[in-house]
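Visitor: Sequence first, then the predicted structure:
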Amino acid sequence: MVAPPLRGKALAIAMVGTPLALSIGVPLGAMLGTTLGWRMAFGLMSITTLVLIGWVLWRVPDFAGRPAEQRLSIGSVFRTPGVRPVLITLFTWITGHNILYTYIAPVAALSGVRQRLDLLLLGFGLAALVGIWVTGVLIDRALRPLVLVSLTMFAVVSLAFGLFATTPAMTIAATILWGLSFGGAATQLSTALADSAGEGVDLANAMLTTVWNGAIATGGIVGGVILDHAGQDRSPGPYWCRPFLPWRSQLARAAMPSSPVPVPSNNAPSNKAPVVRAHQEKIAMKAFHIGAQNGISGLVATTRPAPVAGPGEALVAPRLVGLISRDVQLLCGTYGAQQPETRIPMSEGVGEVVAIGAGVTEVAVGDRVVCGHFATWLDGPFRSDVFAHDIGITHDGWLAEGSCSPRQR
């Protein structure tokens with residue numbers, strides 16, 4: 001439809017829809033799903049698609065294809081110099097982009113801006129529009145520098161999320177830079193492919209669409225597999241939970257006070273016999289609450305009454321607290337339902353028994369114990385009822401000076 005010298009600018013205009021869809025369509029779709037229900041939302045999308053098909057048939061001009069004797073094969077176009085490097089660049093770039101975009105919510109949660117994720121996505125979309133405008137201005141005379149600068153910017157964004165994921169200002173700045181780098185990606189790569197393919201531009205564009213959609217799927221699959229097998233702190237989306245790891249020792253030290261939960265002297269047996277504290281004292285202890293579940297910055301240090309060991313329970317003074325992937329997800333608000341702000345986090349730990357309730361014979365005061373997050377399940381076939389006492393989720397966890405655990409069986 002346009003002359004070759006204007007091809008880059010035309011593609012830039014046509015590609016405006018991509019950042020608009022990401023910045024407006026995604027939040028709008030989520031809002032419709034919440035207010036109208038997902039069936040109604042998908043129904044509206046289907047109706048909109050049918051309307052769009054009708055508009056294309058009505059308004060978009062048709063162009064005759066090549067005669068059979070002039071058609072090029074897919075293999076010959078694929079072997080054209082320059083086509084394969086562009087497709088490889090497209091696949092790796094868009095795969096990395098979709099890994100990161102799929103997990104933008106955990107990134108926002110770690111930095112404490114999860115509650116304004118809509119504005120973060122809007123900023124991304126507006127920055128992408130600026131990126132498209134810059135691309136349209138420069139693409140016909142500086143295509144290669146544009147691609148190299150955009151890829152460099154995306155690498156900087158990935159590094160920023162990896163090193164400064166808990167800093168709100170850095171998360172916002174990196175998201176804006178990310179939008180700038182991605183806005184012109186489709187236009188830049190389409191133009192580069194068209195320039196390389198020459199007469200095979202139609203088949204090359206079909207390859208571009210296939211590789212692009214494949215990269216979208218690959219980004220989601222790769223991120224999901226890594227998240228499932230290695231935990232959120234290993235996810236390459238990219239590396240945003242790794243900055244959380246240095247907090248492990250600080251969290252552990254916070255739960256390992258120099259003076260554990262006080263125990264009356266008459267509860268310290270010398271022969272490790274089971275001892276039941278008949279009247280456990282109401283004492284205060286230090287603890288952390290999960291707060292608003294907006295990342296590490298949302299943890300709230302507090303003082304609250306120490307728990308009392310009831311029948312079948314042991315009161316443990318934590319000595320070391322473990323950190324597993326779901327603890328990070330819980331703090332970020334991405335694990336299950338929203339928890340009470342006063343929930344004490346951390347699922348697993350080791351410590352010393354300081355009191356036991358009635359009926360407890362497996363441990364005695366002074367014993368050192370370890371407890372998994374399914375507090376009522378030690379071994380054997382897994383039972384669905386263990387979810388009823390899930391430490392750190394349904395019951396308070398280990399990030400405190402005292403934690404009550406039921407006997408495991």
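Guide: Perfect, thanks for sending it. Numbers count the residues shown, from 1 in each chain.

Visitor: Quick one: name whatever helix or strand follows the helix-or-strand element of the chain with minimal mean pLDDT.
Guide: In the chain, no helix or strand scores lower on mean pLDDT, DSSP states H and E than helix 247-254, which sits at a mean of 37. Next in sequence after helix 247-254, counting helices and strands by DSSP states H and E, comes strand 284-289.

Visitor: Extract the CA atoms of that next one and return them as PDB.
Guide: What follows is strand 284-289 as a C-alpha-only set of coordinates in PDB (Å, rounded to 0.1, in the frame of the first residue of the first chain):
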ATOM      1  CA  ALA A 284       5.100 -10.600  75.200                       C
ATOM      2  CA  MET A 285       7.300 -11.600  72.300                       C
ATOM      3  CA  LYS A 286       8.700  -9.900  69.200                       C
ATOM      4  CA  ALA A 287       7.400 -10.900  65.800                       C
ATOM      5  CA  PHE A 288       6.900  -9.800  62.200                       C
ATOM      6  CA  HIS A 289       3.500  -9.500  60.500                       C
END
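
Visitor: Could you pull out the buried residues of that strand?
Guide: When burial is assessed from 16 or more other CB atoms under 10 Å, strand 284-289 yields the following buried residues: 285-289. Where C-beta positions appear, they are placed from N, C-alpha and C, glycine not excepted.

Visitor: these two touch, right, Val201 and Ala192?
Guide: No - using CB atoms under 8 Å, Val201 makes no contact with Ala192, being 11.5 Å away.

Visitor: So which of those two has more stuff around it?
Guide: For Val201 versus Ala192, neighbours defined as other CB atoms under 10 Å are more numerous around Ala192 (23 against 18).

Visitor: what packs against the longest helix along the chain?
Guide: Counting residues, the longest helix found in the chain (DSSP state H) is helix 201-230. Helices and strands touching helix 201-230, by 3 or more CB pairs under 8 Å, 6 or more residues apart in numbering; DSSP states H and E, are helix 74-78, helix 83-102, helix 185-197.

Visitor: Need the winner for burial among those helices.
Guide: Highest mean neighbour count of the helices and strands packed on helix 201-230: helix 185-197, a mean of 23 (counted as mean count of other CB atoms under 10 Å).

Visitor: any idea of the angle that helix forms with helix 83-102?
Guide: Helix 185-197 and helix 83-102 are oriented at 170 degrees to each other (axes from the mean of the first three to the mean of the last three CA atoms, to 10 degrees).

Visitor: got a list of contacts for helix 185-197?
Guide: Residues outside helix 185-197 that contact it (CB atoms under 8 Å, 6 or more residues apart in numbering): 7-8, 11-12, 14-15, 18, 77, 80-83, 86-87, 89-90, 93-94, 97, 132, 135-136, 139, 143, 146-147, 150, 201, 203-205, 207-208, 212.

Visitor: And those, which of them are buried?
Guide: Applying 16+ other CB under 10 Å to the contacts of helix 185-197 flags 7-8, 11-12, 15, 18, 77, 80, 83, 86-87, 89-90, 93-94, 97, 132, 135-136, 139, 143, 146-147, 150, 201, 203-204, 207-208, 212 as buried.
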